[in-house]
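K.L.:
after the sequence you'll find the predicted model.
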Amino acid sequence: MLLPDAVLQRGREVSHRLRLLLGRGLGRLLREALHGSDHLRAADNPAERDRLLGVSGVDVEHADSSLDLSVQPDSSEARGSSTVRWVLDGLMTELVQLAVSDGVATITLDSPHNKNALSQQLTGELLAHLETAGADDAVRVIVVRSALEVFCSGADLSEATTVGMGVGAQRMVDVQRAIVANPKPVVARVAGPVRAGGIGIVAAADISVAGESATFALTEVRLGLAAATISLTVLPRLTDRAAAYTFLTGNSFDAMEASRLGLLTLTVPDADLDEALSTVLTSLLKGAPQGLRETKKLLNRTLLADIDTRGKDLAALSASLFGSPAAQEAMLAFLTRKKK
């Protein structure tokens, strides 16, 4: 399909603005970018649509092929309008929500199309909400949770196999740092599967409470990768033997085992998860803001220094591994199997 030069130029302008501003007020900015435009250049192949929307995570055990993003308009006019609707529906959807009530800021991961995979949009929004909550005097405690039956499926493999992980790897370092350095205690409410990069969020949190059906796996090794960036927070939680077993085998383990290994603070029956979370929050809210802030600094001083010292190097290592021929081949093979 051929589009007028003016339309193509408008598409390039929109694309540029999205690359600069992805993850920060995306819906509002996209409306501004598209105002007055009737067409965007269509992404005609599924791989390109998958790249932009991020349709898969690194969970190599639970492939889900239910998503169909195919667009097959019958005319150039329909194709243009369908593309705009696709962009609006896919990119304007907020993937992370923030709500504040009674001193608690609840940050909710809600990216069902890719099981909360750590796309650039999701991590950008997560960082923005962590910053907002940390600076809000009305907030005493922060909770990170999922709106889905999956907590997090790990890295966004669609981005990793197209745009690369130069940004994504550094974002994972930044997310962990934002949790560790946040002046407010951060509590992870964990339900459902947690894979790869998602475990970094659980490990970075000051307190992590999980339902007993939650499962965990560091699956990077099976794709020719290493859990490089999240090693910053995961390794300090585990014994050397536990780290070697979980990192090298990629085997899944349940929430009771995660508590025993030190990854989780508390594991409870699924039906009791919210009650357990409420109990933890009630205790934290009894603390004075200055006491919580300064105590958290003491607890995380060594960890924060390590993130600042090694974070960039580990992000570079992670990006290089994601870009390697071996990992690209493994990830593309996984994505192909997932779509069948």
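P.N.:
Good, I have the coordinates. Numbers count the residues shown, from 1 in each chain.

K.L.:
contact partners of the strand or helix carrying residue 142?
P.N.:
For residue 142, the host element (DSSP states H and E) is strand 141-146. For strand 141-146, contacts defined as Cβ atoms under 8 Å, 6 or more residues apart in numbering pick out 103-110, 116, 126, 130, 133-134, 151-152, 179, 182, 184-192, 201, 205, 277, 281, 284-285. Placement of C-beta: from N, CA and C, glycine included.

K.L.:
so which of these belong to helices?
P.N.:
Here DSSP state H is the test, and the contacts of strand 141-146 give 126, 130, 133-134, 179, 201, 277, 281, 284-285 as lying in helices.

K.L.:
show me which of those are buried.
P.N.:
Neighbour counting by 16 or more other Cβ atoms under 10 Å classes 126, 130, 133-134, 179, 201, 277, 281, 284 among the ones in helices among the contacts of strand 141-146 as buried.

K.L.:
mind putting these into TSV with pLDDT and distance to residue 173?
P.N.:
Converted to TSV, these look like this (pLDDT from 0 to 100; distance: Cβ to Cβ, whole Å):
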residue	pLDDT	distance to residue 173
126	98	13
130	98	14
133	98	19
134	98	17
179	98	11
201	98	12
277	98	27
281	98	28
284	98	26
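
K.L.:
closest to residue 308 out of these?
P.N.:
Of all those, residue 308 sits closest to residue 179, with 14.1 Å by Cβ to Cβ.

K.L.:
name the nearest residue to the closest one, ignoring sequence neighbours.
P.N.:
residue 204 (4.0 Å; Cβ to Cβ, 6 or more residues apart in numbering).

K.L.:
how about the one you found, what does it touch?
P.N.:
Here residue 204 is in contact with 175-176, 179-180, 186, 233 (criterion: Cβ under 8 Å, 6+ apart).

K.L.:
JSON lines for these, including distance to residue 140?
P.N.:
Formatted as JSON lines, those follow (distance: Cβ to Cβ, whole Å):
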{"residue": "175", "distance to residue 140": "21"}
{"residue": "176", "distance to residue 140": "22"}
{"residue": "179", "distance to residue 140": "16"}
{"residue": "180", "distance to residue 140": "18"}
{"residue": "186", "distance to residue 140": "12"}
{"residue": "233", "distance to residue 140": "23"}
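
K.L.:
ok, back up a step: now the ones in helices among the contacts of strand 141-146 as JSON lines including distance to residue 332?
P.N.:
Shown next, in JSON lines, are the ones in helices among the contacts of strand 141-146 (distance: Cβ to Cβ, whole Å):
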{"residue": "126", "distance to residue 332": "27"}
{"residue": "130", "distance to residue 332": "32"}
{"residue": "133", "distance to residue 332": "37"}
{"residue": "134", "distance to residue 332": "38"}
{"residue": "179", "distance to residue 332": "32"}
{"residue": "201", "distance to residue 332": "26"}
{"residue": "277", "distance to residue 332": "39"}
{"residue": "281", "distance to residue 332": "43"}
{"residue": "284", "distance to residue 332": "44"}
{"residue": "285", "distance to residue 332": "48"}
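
K.L.:
what is the burial count for residue 297?
P.N.:
Residue 297 has 12 neighbouring residues, counting by other Cβ atoms under 10 Å.

K.L.:
ok, residue 293 next?
P.N.:
Neighbours of residue 293 under the rule other Cβ under 10 Å: 15.

K.L.:
can you tell me the closest non-neighbouring residue to it?
P.N.:
Distances taken as Cβ to Cβ, 6+ apart place residue 183 nearest to residue 293, at 4.6 Å, with adjacent residues excluded.

K.L.:
show me the contacts for that neighbour.
P.N.:
134, 292-293, 296.

K.L.:
re earlier: for the ones in helices among the contacts of strand 141-146, which one is nearest residue 256?
P.N.:
Residue 256 lies nearest to residue 277 out of the ones in helices among the contacts of strand 141-146, by Cβ to Cβ, at 17.6 Å.

K.L.:
what's the closest of the ones in helices among the contacts of strand 141-146 to residue 241?
P.N.:
residue 201 (23.6 Å).

K.L.:
what about the closest one, distance to residue 187?
P.N.:
The gap separating residue 201 from residue 187 is 11 Å, by Cβ to Cβ, to the nearest Å.

K.L.:
run the angle between the helix or strand harbouring residue 305 and strand 141-146 for me.
P.N.:
Following DSSP H and E, one finds residue 305 within helix 289-322. Relative orientation of helix 289-322 and strand 141-146, computed by axes from the mean of the first three to the mean of the last three Cα atoms, to 10 degrees: 30 degrees.

K.L.:
mind giving me the packing neighbours of helix 289-322?
P.N.:
Other helices and strands packing on helix 289-322, by 3 or more Cβ pairs under 8 Å, 6 or more residues apart in numbering; DSSP states H and E, are helix 166-180, helix 231-237, helix 325-339.

K.L.:
can I get these in CSV including distance to residue 265?
P.N.:
Putting the helices and strands packed on helix 289-322 into CSV (distance: least, Cβ to Cβ, whole Å) gives the following:
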stretch, distance to residue 265
helix 166-180, 14
helix 231-237, 10
helix 325-339, 32
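
K.L.:
okay, and for this structure, where does confidence drop off?
P.N.:
1-92, 340 (pLDDT under 70).

K.L.:
next, name the residue at the spatial heart of it.
P.N.:
residue 118 (2.8 Å; Cα atoms, centre = their mean).

K.L.:
buried residues in stretch 229-242?
P.N.:
229-235, 237-238, 242.
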